[in-house]
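Student: here is a sequence together with a model predicted from it:
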Amino acid sequence: ILNVEQSPQSLHVQEGDSTNFTCSFPSSNFYALHWYRWETAKSPEALFVMTLNGDEKKKGRISATLNTKEGYSYLYIKGSQPEDSATYLCAFPPGGSQGNLIFGKGTKLSVKP
Amino acid sequence: DGGITQSPKYLFRKEGQNVTLSCEQNLNHDAMYWYRQDPGQGLRLIYYSQIVNDFQKGDIAEGYSVSREKKESFPLTVTSAQKNPTAFYLCASSSDGSNSPLHFGNGTRLTVT
């Protein structure tokens, strides 16, 4: 059974702290790895779609790295702000089929002012 | 502005009634998807469609039906055969291919009593 695991399940940090969390996915037949941010009362928003081993993507204070050989991706947030509070989801399309995107359960980040 | 519109935001139905959730997009995306979220679980795929007049079952299609008569619209019907219909339903769309990010609607929370 193909599975996408995210850790930790939840995270509480103070404003200004830097933080990171993990997404683990099957390393065979890799096509892409998606990251989404889901704020309360809003729709999930795409952050990154990563395709190359060793790739690093950045969007403001948020960055992500990818290791397709060992099957993990890290999401980093530098200098967390209260507006970063959200659930961060990763998703993996086994076999390259977008229609079969498998989502992890997410990491819920809370940033205290 | 381009986007995905789901309606209604909240829906209440009596057990045994079919109910249809609306999803409309003006992003000119070929692919559309329906996901279900339950507490403590990742998003699970119900149905997806990669082109008009064609759709495929996802992991949890039993008790649901869809149609794709127009590119812009992908309504989901929750039938009385769905044993646990109370959930949060998200619609999404994307350009084709595993490298394309999903664009999500704001969701519909369905409560069946």
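Tutor: In hand now; what should we look at? Numbers count the residues shown, from 1 in each chain, chains lettered A, B, ... in the order given.

Student: verify the stated contact: A:T19 with A:V13.
Tutor: Yes: counting by CB atoms under 8 Å, A:T19 touches A:V13, with 5.1 Å between them. Using the backbone N, CA and C atoms, a C-beta is placed for each residue, glycine as well.

Student: who has more neighbours, those two?
Tutor: More crowded of A:T19 and A:V13, by other CB atoms under 10 Å in any protein chain shown: A:T19, with 19 against 16.

Student: against chain B, how distant is the more buried one?
Tutor: 21 Å (CB to the nearest CB, to the nearest Å).

Student: contacting residues for that residue?
Tutor: A:11, A:13, A:76-77, A:80, A:109 (CB atoms under 8 Å, 6 or more residues apart in numbering or on different chains).

Student: just the buried subset of those, written out for ChimeraX, thanks.
Tutor: Typed into ChimeraX, the line below selects the buried ones among the contacts of A:T19, using 16 or more other CB atoms under 10 Å in any protein chain shown:
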select /A:11,13,77,80,109
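
Student: could you save the contacts of A:T19 as TSV and add columns showing secondary structure?
Tutor: Shown next, in TSV, are the contacts of A:T19 (DSSP: H, G, I helix; E, B strand; the rest coil):
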residue	secondary structure
A:L11	strand
A:V13	strand
A:Y76	strand
A:I77	strand
A:S80	coil
A:L109	strand
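
Student: gap between B:G105 and chain A?
Tutor: Taking CB to the nearest CB, one finds B:G105 at 6 Å from chain A.

Student: ok now do the residue nearest the centre of chain B, which residues does it touch?
Tutor: By CA atoms, centre = their mean, chain B has its centre lying nearest to B:W34, at 2.8 Å. B:W34 makes contact with B:21, B:23, B:45-48, B:58, B:64, B:66, B:74, B:76, B:89-92, according to CB under 8 Å, 6+ apart.

Student: next, give phi and psi for it.
Tutor: When read as degrees, to the nearest 10, the backbone of B:W34 gives phi -120, psi 130.

Student: again with A:D84
Tutor: phi -80, psi -10.

Student: look up how far A:K58 lies from it.
Tutor: 15 Å (CB to CB, to the nearest Å).

Student: looking at the two, which one has more neighbours?
Tutor: Of the pair A:D84 and A:K58, A:D84 is the one with more neighbours under other CB under 10 Å, namely 21 against 11.

Student: OK, contacts around the more buried one?
Tutor: A:61-62, A:77, A:109, A:111.

Student: would JSON lines of those with distance to chain B and pLDDT be doable?
Tutor: Converted to JSON lines, the contacts of A:D84 look like this (distance: CB to the nearest CB, whole Å; pLDDT from 0 to 100):
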{"residue": "A:R61", "distance to chain B": "19", "pLDDT": "97"}
{"residue": "A:I62", "distance to chain B": "15", "pLDDT": "97"}
{"residue": "A:I77", "distance to chain B": "19", "pLDDT": "98"}
{"residue": "A:L109", "distance to chain B": "16", "pLDDT": "97"}
{"residue": "A:V111", "distance to chain B": "22", "pLDDT": "97"}
